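Colleague: Could you work out the structure for the sequence below:
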Amino acid sequence: MSLVEMVYQLTASFPEEEKFGLTNQIRRSAVSVSSNIAEGAGRNSKKEFRNFLGIANGSLNELMTQLELADRLRFIEGQKMEETIGLGNEIQKIIYTLINKFSHI
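Modeller: Numbering: from 1, shown residues only. You can find the predicted model right below:
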């Protein structure tokens with residue numbers, strides 16, 4: 001959820017013409033990460049949870065790519081980009097750890 005909050009704050013300053021473009025895509029990717037983790041945790045089996053973790057990881061990779069594009073287009077201040085990418089990397093490590101934990105089931 002912290003990543004989603006950061007992303008919403010970060011994209012609030014994007015150009016208006018990106019409101020339905022990159023801004024929307026970035027926000028949807030960020031929401032998808034936490035939503036898939038939550039949905040998977042509420043499923044009936046650890047195998048299903050692992051599958052949703054994989055989807056969350058894909059959404060996180062999508063988000064990181066979109067943030068990189070926004071950075072290249074100079075929509076993001078350097079320090080904010082570093083903080084957001086740093087949190088994304090931490091979340092990715094947690095997702096990988098959980099995937100590995102539930103892969104032996």
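Colleague: host element of the nearest residue to Asn51 once chain neighbours are set aside?
Modeller: Leaving aside its sequence neighbours, Asn51 sits nearest to Gly40 (CB to CB, 6 or more residues apart in numbering; 6.9 Å). C-beta coordinates here come from the backbone N, C-alpha and C atoms, glycine included. Assigned by DSSP states H and E, Gly40 belongs to helix 22-41.
Colleague: Equivalent analysis for Leu63, please.
Modeller: Assigned by DSSP H and E, Leu63 falls in helix 46-72.
Colleague: I'd like the next helix or strand past that helix.
Modeller: helix 78-102.
Colleague: For stretch 15-27, which outside residues touch it?
Modeller: 4, 7-8, 10-11, 14, 63, 66-67, 69-70, 73, 75 (CB atoms under 8 Å, 6 or more residues apart in numbering).
Colleague: For those residues, give me JSON lines that also has neighbour count.
Modeller: As requested, the contacts of stretch 15-27 are exported to JSON lines (neighbours: other CB atoms under 10 Å):
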{"residue": "Val4", "neighbour count": "17"}
{"residue": "Val7", "neighbour count": "24"}
{"residue": "Tyr8", "neighbour count": "14"}
{"residue": "Leu10", "neighbour count": "22"}
{"residue": "Thr11", "neighbour count": "22"}
{"residue": "Phe14", "neighbour count": "19"}
{"residue": "Leu63", "neighbour count": "26"}
{"residue": "Gln66", "neighbour count": "20"}
{"residue": "Leu67", "neighbour count": "24"}
{"residue": "Leu69", "neighbour count": "14"}
{"residue": "Ala70", "neighbour count": "21"}
{"residue": "Leu73", "neighbour count": "12"}
{"residue": "Phe75", "neighbour count": "19"}
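Colleague: tell me the two of the residues you listed that are most distant?
Modeller: Greatest spacing in these, by CB to CB: Val4 and Leu73 (21.3 Å).
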